[in-house]
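*Asks:* Give me coordinates for this.
(chains A and B)
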Amino acid sequence: MLAKRIIPCLDVDDGRVKKGVNFVNLTDVGDPVEIAAEYQKQGADELVFLDITATNEQRKTMADVVEQVSSQVFMPLTIGGGVSSVADIQRLLKAGADKVAINSAAVNNPELITQGAEKFGNQCIVVAIDVKKNPQGEYIVYIHGGKMATELNAIDWAKQAVEAGAGELLITSMDADGTMQGFDIELYQKINQVVNVPIIASGGAGKVEDFTEVFKRADVDGALAASVFHFGELTVNDVKAAAKKEGVVVR
Amino acid sequence: MFAIVDYDTGNTRNLIKALDYLKIENKLTDDPNEIINADAVILPGVGAFAAAMAELQKRDLVNVLKQVAANKTPMLGICLGMQLLFDSSEEYGKHTGLGLINGNVKAIPADVKVPQMGWNQNRILRNGPFNIIDQQFTYFVHSYYADCPQETVVAGVDYGTFIPSIVQNDNVYGMQFHPEKSGKVGLELLEKFQGVVEA
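*Replies:* Residues are numbered from 1 along each chain as shown, chains lettered A, B, ... in the order given. Down below sits the predicted model:
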């Protein structure tokens, strides 16, 4: 059986790992290579690096970070943030990324998903979707780091992204993100009904039970978290031990 | 020296990084002499079967790899590189492979998510240098799998069907997963292959 993946996420700003709450109020928590090595020790199944304040200058720094991390840490690495062209995808894959996450650029230009999938294979194209509920209770897609609402319904967009060639979806609930009150189960259940690629749930992890719950109730393939891991409130091992006890297959 | 076959298919950087980390001397090359004279040959690969075979043919490497096998030089195919070792593949049509291991490459049944992407738990079926993989999880990314005779299967995982994870015919080995991405156990498996080479 394929194991459910526990994925720490490292938000990177100019070569350093940061984590904001609800996408603002950044706090420096450290060096990417050091943190990645620690997570490998803890049993993380994969790491996601998001370049959160990508300028052209800093994007080059990001490729260096990927290069360094992938020389010391031997597990799958997904890189996102500011990826807007086939050349961006290629540069990150070349630096050592296994998968590249596309967010705003995929919304603005869905063709980029297809181009990336055709050139590098759909297994390395992740479409990242930031989602917020509107007052009517509909899931709406946000872009530009959650700052700009679109008119897209998140469930429809998830389906469309997979049809365009996405090999995996990384879905962040902006409402849940930073609250530590658990994942948005309903969101992942809905998306899992319409796509047949792996889904990574993100936003809301606060305690070990939150992970077990999203695996059991929404059958997502991976669950991602940052703050709870970065600040040492939970370790990946804690999460896995609890999930295993509840019959979830973990590594 | 390990020759890593350079035929322009997918990312070989991470494999090189893992071998460098283990201090295993390696060289990325498409030079027939370097490949034939290497202590071991690694055939990596990501992408589609037919395109990969075409790239090997373009570089006249099909016969070189057959010669490597005939010389009894240890050879390791990884992921698509493993699939190329077989007689044939059904990925987008029927294509001929290197024919170094009996079997045919087929699509993973559609009742599970495809590609299989993530960590799956191996069980050993035949004792040998890779016994440490038993019960361990390794990292897989693939949509096709090898349907091959039981005597060629060293280890396997379950994903929709039984999927061989390590295969072997004499000096020719294949790993469906990515040892260079499988953490500690992956690095140990590469060291075990080095042990086979030095034996």
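*Asks:* ok, longest strand in chain B?
*Replies:* strand B:161-169 (DSSP state E).
*Asks:* Given it, what are its sheet partners and their directions?
*Replies:* Paired strands of strand B:161-169, with direction, are strand B:153-159 (antiparallel), strand B:172-175 (antiparallel) (DSSP bridges).
*Asks:* Measure how far that strand is from the centre of its chain, please.
*Replies:* For strand B:161-169, the separation from the chain centroid amounts to 10 Å (computed by Cα atoms, centre = their mean, to the nearest Å).
*Asks:* buried ones in it?
*Replies:* B:163, B:164, B:165, B:166, B:167, B:168, B:169 (16 or more other Cβ atoms under 10 Å in any protein chain shown). From N, CA and C alone the C-beta is placed, and that goes for glycine too.
*Asks:* ditto for stretch B:12-22
*Replies:* Under 16+ other Cβ under 10 Å, the buried positions of stretch B:12-22 are B:12, B:13, B:14, B:15, B:16, B:17, B:18, B:19.
*Asks:* Filtering those residues by proximity to chain A, which remain?
*Replies:* Contacts with chain A within these, as defined by Cβ under 8 Å from any Cβ of the partner chain: B:13, B:14, B:17, B:18.
*Asks:* Tell me which of the residues you listed fall in helices.
*Replies:* Using DSSP state H, B:13, B:14, B:17, B:18 are the members of those that sit in helices.
*Asks:* For those residues, work out which two are farthest apart.
*Replies:* Spanning the widest gap among those are B:13 and B:18, at 9.8 Å by Cβ to Cβ.
*Asks:* So the one helix or strand in chain B whose mean pLDDT sits lowest, near chain A or not?
*Replies:* Within chain B, no helix or strand scores below helix B:49-58, which has a mean of 93 by mean pLDDT, DSSP states H and E. No: contact of helix B:49-58 with chain A (Cβ under 8 Å from any Cβ) is absent, the minimum separation being 10.7 Å.
*Asks:* In terms of secondary structure, what does that helix contact?
*Replies:* When contacts are defined as 3 or more Cβ pairs under 8 Å, 6 or more residues apart in numbering or on different chains; DSSP states H and E, helix B:49-58 packs onto helix B:62-70, helix B:80-83, strand B:95-96.
*Asks:* mind listing what's buried in the first one?
*Replies:* Spelled out, that is helix B:62-70. B:62, B:64, B:65, B:68, B:69.
*Asks:* mind checking the SS state of residue A:149?
*Replies:* At residue A:149, secondary structure determined by DSSP: H, G, I helix; E, B strand; the rest coil is strand.
*Asks:* So in terms of bridging, what pairs with it?
*Replies:* In this structure, residue A:149 bridges to residue A:142 when assessed by DSSP bridges.
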